[in-house]
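*Asks:* pasted the sequence and its predicted model underneath.
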Amino acid sequence: MMMNVHKVLSGLLLPVSYISALTAVEAPNIVLINIDDLGWTDLSCNGSNYYETPNIDKLKSSGIWFSQAYAGAANSAPSRACMLTGQNTPRHGIYTVSPADRGKKELRKLVSFPNRESLPDGFQILPKVLKQAGYQTYHVGKWHVTSNPLECGIDKNIGGNHSGHPKSYFPPYKNPDLQDGDDGEFLTDRLGDEAVRLIRQSEKNKPYFLYYATYAVHAPLQAPKELVEKYKMKKGDKAHNNPVYAALVEVMDRNVGKVLDAIRQSGQAENTLIVFTSDNGGVYNFSRQWPLRAGKGSFYEGGIRVPMIIYQPGMFEKREVSDVSVSQMDLFPTFVELAGISDKTLLLDGQSLVSLLKEKKDAYLKERSLYWHFPAYLEGGNSETKDKLFRSRPVSVIRKREWKLIENYEDGSLELYNLKKDLGENNNLAGTYPEILDDLKKELEGWKKELKAPSEFKKNPYYKI
């Protein structure tokens, strides 16, 4: 069907034998930079005249920019689970940041399906696969998919646990996995320094995987006072104008620059694959993602389209991929292929991007579909979501070529958008292209059936509207 599934087995990671290229060619170091809640236009190189991100701008100009990159979900826990397992939400069961039935019960027409808060023990996860293939594995920052990264193949963990956001960006951090620094230390700077230390201390005779998942730019909105004052003096626009958020973005960029400098100084830059992305769209109340619609928590483009840059000097550089939709679930199979790992038990819903990165072929990606499934509720809507009460009510979504179909479970309505002509999802074409609508609906139904996606909802007895 529409997915790249190596073998249809349980999602549990089974004992396997690896045929790894570590013994034949030099496997690359892998640095995965995952920013929290950074919107698609929250970069000065991709739409903002207010935020300042010179280090990420330089990375974009050096590497390969994917203008149609997507998270596996519209908020952090499910998105991170999708990327780290290579599997879509119906397989791992993390659909949202718990609880699944957020918002007033009288406003929810349906009963949400059960939601996992953590991946089960032994579930397929990227760091464990890489560690078993000989990689050193490091994590810095936000983990959010289990309680302990060290039980998931991570050798060294700095600050990661089940927490979804920092209690404070200033000490005391109240983080059991991060010792408090001196007064005046800023969390983003501290985590950047920790990532640099791990790069410098890594053994040079075997590759490393660094998951740098700094808590920034997630709320609470806190930033160094001098930077906040700088942005108070700078003119914003209707989309980008929050000086504290802008300062938080600048500090985040500064520390991405620190990590990139450490890679260059390590002498291993040419054998280090760098991926930069964000776990979901930006928070609508802080930063608008225009021309994209809505933001974090919504399955309109503003909630799921994310920045993505892939860079390796002399290998993957100086290009933009603007006509192919890619998913963060594609990163797992990409890393596995580049590392030379052969494991037929892996169950992967993404597809390797290696051929696309090497400019050999892309038709296999252009013709495939991307899917999202959200059998839950997220409160806090706005003028760009379907209604102002919820960022998302229960939906399933399919994106194929320029077309995007949203299935709304509460009322059975369908939304069809041509993203090539209508990136802002302003014109619902469900009544204009019935054949396209039917084809996408059938394909979406087939995908849900194959993945056993829960979609037979019960009515909520407390619903009063």
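*Replies:* Yep, that arrived. Residues are numbered from 1 along each chain as shown.

*Asks:* quick one, longest helix in the protein?
*Replies:* Ranked by residue count under DSSP state H, the longest helix found in the chain is helix 243-265.

*Asks:* now that helix: buried residues?
*Replies:* 243-260, 262-263 (16 or more other Cβ atoms under 10 Å). (C-beta placed from N, C-alpha, C; glycine too.)

*Asks:* name the spans of the stretch 101-250 of the chain whose pLDDT lies under the cut-off.
*Replies:* Under the criterion pLDDT under 70, no range of the stretch 101-250 of the chain is flagged.

*Asks:* which stretches of the stretch 101-250 of the chain form strands?
*Replies:* In the stretch 101-250 of the chain, the strands defined using DSSP state E, counting those that start in this stretch lie at 136-141, 156-158, 208-213.

*Asks:* rewinding a little: for the longest helix of the chain, packing partners?
*Replies:* Using 3 or more Cβ pairs under 8 Å, 6 or more residues apart in numbering; DSSP states H and E, the elements in contact with helix 243-265 are strand 29-35, helix 54-62, helix 187-201, helix 225-232, strand 272-278.

*Asks:* kindly recompute the last result at 10 Å.
*Replies:* On a contact count with 3 or more Cβ pairs under 10 Å, 6 or more residues apart in numbering; DSSP states H and E, helix 243-265 meets strand 29-35, helix 54-62, helix 187-201, strand 208-213, helix 225-232, strand 272-278.

*Asks:* just checking the distance from that helix to the centre of its chain.
*Replies:* Put simply, helix 243-265 sits 18 Å off its chain's centre (Cα atoms, centre = their mean, to the nearest Å).

*Asks:* dump it to CSV, keeping only the CA atoms.
*Replies:* Taking C-alpha atoms only, helix 243-265 is exported to CSV below (Å, rounded to 0.1, in the frame of the first residue of the first chain):
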residue,chain,number,x,y,z
PRO,A,243,9.7,40.5,22.4
VAL,A,244,10.1,37.7,25.0
TYR,A,245,9.5,35.0,22.4
ALA,A,246,11.9,36.7,20.0
ALA,A,247,14.6,36.7,22.7
LEU,A,248,14.0,33.0,23.4
VAL,A,249,14.4,32.3,19.7
GLU,A,250,17.6,34.2,19.5
VAL,A,251,19.1,32.3,22.5
MET,A,252,18.0,29.0,20.9
ASP,A,253,19.8,30.0,17.6
ARG,A,254,22.9,31.1,19.5
ASN,A,255,23.2,27.6,21.0
VAL,A,256,22.5,25.8,17.8
GLY,A,257,25.5,27.8,16.5
LYS,A,258,27.6,26.6,19.5
VAL,A,259,26.8,23.0,18.6
LEU,A,260,27.6,23.5,14.9
ASP,A,261,30.9,25.2,15.9
ALA,A,262,31.8,22.3,18.1
ILE,A,263,31.1,19.9,15.2
ARG,A,264,33.4,21.9,12.9
GLN,A,265,36.1,22.1,15.6
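
*Asks:* let me know the angle separating it from strand 272-278.
*Replies:* Here helix 243-265 runs at an angle of 170 degrees relative to strand 272-278 (axes from the mean of the first three to the mean of the last three Cα atoms, to 10 degrees).

*Asks:* please renumber the chain so that the first residue is 401 from this point on.
*Replies:* Renumbered: residue one is now 401, and that last one reads helix 643-665.

*Asks:* and Ser512, how far is that from Arg793?
*Replies:* Ser512 is 10 Å from Arg793, where distance means Cβ to Cβ, to the nearest Å.

*Asks:* isn't Ser742 right next to Val736, touching?
*Replies:* Yes - here Ser742 reaches Val736: they are 8.4 Å apart, a contact under Cβ atoms under 10 Å.

*Asks:* when the two are compared, which one has more neighbours?
*Replies:* More neighbours surround Val736 than the other of Ser742 and Val736, with 24 against 16 (other Cβ atoms under 10 Å).

*Asks:* are we agreed that that one is in a helix?
*Replies:* Yes - Val736: assigned to a helix according to DSSP: H, G, I helix; E, B strand; the rest coil.

*Asks:* can you list the strands of the stretch 501-650 of the chain in a markdown table and add mean neighbour count?
*Replies:* Listed next are those as a markdown table, based on neighbours: other Cβ atoms under 10 Å:
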| stretch | mean neighbour count |
| --- | --- |
| strand 536-541 | 25 |
| strand 556-558 | 20 |
| strand 608-613 | 26 |
